[in-house]
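**Student:** Fold the following for me, if possible:
(2 chains)
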There are 2 protein chains.
Amino acid sequence: MIREYTQEEFAENFLRSKNKGGALNEEVLKTAKEVLEDIRLNGDAAVKKYVAKFDDEVPDTWEVSAEERKQAWQEVSQEVIEALKKAAENIRSFHAKQLQNSRIMQMGEDIVSGQLFRPVERVGIYVPGGTACYPSSVLMNAIPAVLAGVEEVIMVTPVREGTKIAPILSVAADIAGVNTIYKVGGIQAVGALAYGTETIPAVDKIVGPGNAYVAAAKSLVYGTVGIDMIAGPSEVAVIADENANPVYIAADLIAQAEHDKSARTFLFTTSRKLIEETKAELEKQCTVLPRREIAEASIQTQSAAVLVENIDQAFELSNRLAPEHLEIQVQNPLQQLSKVKNAGSVFLGENTPEAIGDYYGGPNHVLPTSGTARFSSGLSVDDFYKKITYLYYSEKALQEAAPQVIAIANEERLAGHLRAVEKRVKG
Amino acid sequence: MIREYTQEEFAENFLRSKNKGGALNEEVLKTAKEVLEDIRLNGDAAVKKYVAKFDDEVPDTWEVSAEERKQAWQEVSQEVIEALKKAAENIRSFHAKQLQNSRIMQMGEDIVSGQLFRPVERVGIYVPGGTACYPSSVLMNAIPAVLAGVEEVIMVTPVREGTKIAPILSVAADIAGVNTIYKVGGIQAVGALAYGTETIPAVDKIVGPGNAYVAAAKSLVYGTVGIDMIAGPSEVAVIADENANPVYIAADLIAQAEHDKSARTFLFTTSRKLIEETKAELEKQCTVLPRREIAEASIQTQSAAVLVENIDQAFELSNRLAPEHLEIQVQNPLQQLSKVKNAGSVFLGENTPEAIGDYYGGPNHVLPTSGTARFSSGLSVDDFYKKITYLYYSEKALQEAAPQVIAIANEERLAGHLRAVEKRVKG
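**Tutor:** Just a heads-up that it's a prediction; the model follows:
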């Protein structure tokens, strides 16, 4: 089932030298490019054309009405509503601690400088609406935006049954504080948000998961708008010692593997016995899994178990891998936290399955994949701020700075820069 | 000279609807792709091949020796050295106020959560070495990285005379705290940093300006490594009232325009008289400018003056434009700062020419262009951190969370997620 590798084999097969990063399919990019250009030039008419082409039904009005949003609450169970509300509370309180104020770096009579923190003005959230219908990603994407003070949070998602969107997504949008929902999905939704149409206003940043076409479209509109990231296959790495429970580890690897045949799962452990027991558990637990076929394909082709001599070797491999999710299932896990250098999000101890973080605990589940945790971070309130620096110099401060600025400008052979200062000090 | 537009004409010609964002030349991308792939597969041999092809001389060893770095100090004037040291001091103290500590969001017996702040481990800084030889960009790119705690800061720059790099760049690197310098430039330098070669270690993030080939190469290696941004033409917008000095405004517009024929310069003012006087000043000041041809081409084709009825209209236009640099030359400029929603960096009052910020004041000069300040920010210490979230649940906390997590997992039809929790609570 899960395949075993030596540390050298693992490095050879899974570490960055072999990882070219999230390359997008050329054909998909070509399609996305054509659709986007059409929407940029023809607005609503083009959007309608592609909705009709790619989805089954074209709703008369794209905006989900207040009536429909109200109605959706009747179509979701109280139990799920309460669960989402509690999850939203946890996510909100975790992200609220990321709020930042504008800063003053220097404040004197002659010099004032700092950073203004300003929310992005309008944000678009893409939410898949097909088989993968995830209210949790509505919460994870919208809540940090609302907290940052984004004036308008717009959600787009394709219709599911007839001309309606999935009620659960509408409810999650209400809980998260989404202002407007449009019944549009796919490349055309990304294009509408990036360029704006008669109906759908252009946004400043687009976040949220999507299929290969959505990902390609997001990569192409980057620059015109901001985007969160282009996510690769989801990953989990588990660092475990001999005390870890193979039943839990297998369950967590399967929870990752059931997402997608290309999902990646890794086990780094000091215990040969644990590897054997985990293999057996994987076999056993997969047999009763609804998404068995997907999970097994993922584990057979995209997983690795590596036996290490000590826990520090496990952390070294994990840091080089920079996994999206990292579970630390060892004694006193909090004491090991300091060894983490690269990871998207860390889950400590045997009672913190990744599933807690996916839905409920508070940290964001939008995380860097494919080793990009070496240089980037999961979604946070920061992603919805702009940090604008500012500087004020008095005449006196300028007089004192002038000789240095002139010397550097002169060295860089930019006379215009030099004179912009000279004209002020020499009058 | 500078062309005048009505507010409507300005919106039509310069605002986002017309701006597709920094599109890269297809031919250039094709070349970059080929070179990068060759370097990825063949390492040093390929790098050497392209250095020989694109640059004049191939140095025997690429690393700038301690000897050469020491020697460089003899070849730069004391005046310039002192100016760079003072600038570095200002930049360091401004950025030091951006340092962040790891956070604890929740710390109880049963739940611990937070964010670890970890520096990016290895950073590569690209520094152009040809006619555009800018020690200031060595300081602006390296200082925030060093402050964040990056273990290894590597600079790459092409040789200038014979097999030497420009001494001023070596001195700036010493002042900023760059660990290693390699005499390689162009696409091949970006490839070496992204994939690593026998000589040049792979980095986690590449920052720094470059020509179209370097920009294309950076955009292509994004994903394998992080990058700062793909910069478009440099821009300045000036908001001025009737008290502003046309001599200073013209000087500042010229300082921007002398960079590049495609540099963009804007004036938003309540004073018709100021527009006329600025036009006259532009004529006059350009005539004595060494880079006159560039500046005049830029101003004739890429500049706009817009007469507004009041200052708030000026801020509205500026916020929609989201200029890289914004000068506010009005009475009590600090009181107007709160009106800025979108800009890279702001310069307040007539004694704060952009040139102060470019070199000396403290804020970073690596800034978002082409309207991307609507959703992104200038380079800061944050760009060299990863924010890794962590979560610990006790058995008790998991028991309490289980029903909600199970309800959501069930709603999302992910049985593996559900069971990862169930197996722990039901044993």
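
**Student:** make it CA atoms for all contacts and neighbour counts henceforth
**Tutor:** OK.

**Student:** where does the residue most central in space within chain A fall, phi/psi-wise?
**Tutor:** In chain A, the residue lying closest to the centroid (CA atoms, centre = their mean) is residue A:366, at 3.0 Å. As for residue A:366, its main-chain torsions (degrees, to the nearest 10) stand at phi -90, psi 110.

**Student:** Which residues are in contact with it?
**Tutor:** A:137, A:140, A:141, A:378, A:379 (CA atoms under 8 Å, 6 or more residues apart in numbering or on different chains).

**Student:** Secondary structure for those residues - can I get that in CSV?
**Tutor:** Supplementary listing: the contacts of residue A:366 in CSV, determined by DSSP: H, G, I helix; E, B strand; the rest coil:
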residue, secondary structure
A:137, helix
A:140, helix
A:141, helix
A:378, coil
A:379, coil
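
**Student:** Which of these has the largest number of neighbours?
**Tutor:** residue A:141 (29 neighbours; other CA atoms under 10 Å in any protein chain shown).

**Student:** how close does that residue sit to residue B:309?
**Tutor:** Going from residue A:141 to residue B:309 by CA to CA, to the nearest Å gives 40 Å.

**Student:** Equivalent analysis for residue A:287, please.
**Tutor:** Taking CA to CA, one finds residue A:287 at 73 Å from residue B:309.

**Student:** cool, residue A:208 as well?
**Tutor:** Distance from residue A:208 to residue B:309, by CA to CA: 41 Å.

**Student:** Of the two, which one has the most company?
**Tutor:** Between residue A:208 and residue B:309, residue A:208 has the larger neighbour count (other CA under 10 Å), namely 26 against 10.

**Student:** so what's the more buried one up against?
**Tutor:** A:125, A:126, A:127, A:137, A:141, A:228.

**Student:** Kindly recompute the last result at 10 Å.
**Tutor:** Applying CA atoms under 10 Å, 6 or more residues apart in numbering or on different chains, we find residue A:208 in contact with A:124-128, A:137-138, A:140-142, A:155-156, A:214-215, A:218, A:227-231, A:366, A:379.

**Student:** Ok, residue A:400 next?
**Tutor:** A:394, A:425.

**Student:** and it, what element?
**Tutor:** According to DSSP states H and E, residue A:400 maps onto helix A:395-411.

**Student:** Next: residue A:83.
**Tutor:** helix A:78-96.

**Student:** got it, and residue A:155?
**Tutor:** Here residue A:155 is assigned to strand A:152-156, by DSSP H and E.

**Student:** Now that strand: buried residues?
**Tutor:** By 16 or more other CA atoms under 10 Å in any protein chain shown, the buried positions in strand A:152-156 come out as A:152, A:153, A:154, A:155, A:156.

**Student:** And the strands in chain A?
**Tutor:** Ranges of strands within chain A are A:4-5, A:103-107, A:111-119, A:122-126, A:152-156, A:180-182, A:205-207, A:226-227, A:235-240, A:264-269, A:303-307, A:325-329, A:345-348, A:385-393, based on DSSP state E.

**Student:** want to throw the ones you listed into TSV with mean pLDDT and distance to residue B:53?
**Tutor:** Converted to TSV, the strands of chain A look like this (pLDDT from 0 to 100; distance: least, CA to CA, whole Å):
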stretch	mean pLDDT	distance to residue B:53
strand A:4-5	94	42
strand A:103-107	95	47
strand A:111-119	98	44
strand A:122-126	98	46
strand A:152-156	98	50
strand A:180-182	98	53
strand A:205-207	98	41
strand A:226-227	95	37
strand A:235-240	97	42
strand A:264-269	97	41
strand A:303-307	96	43
strand A:325-329	98	44
strand A:345-348	98	45
strand A:385-393	98	41
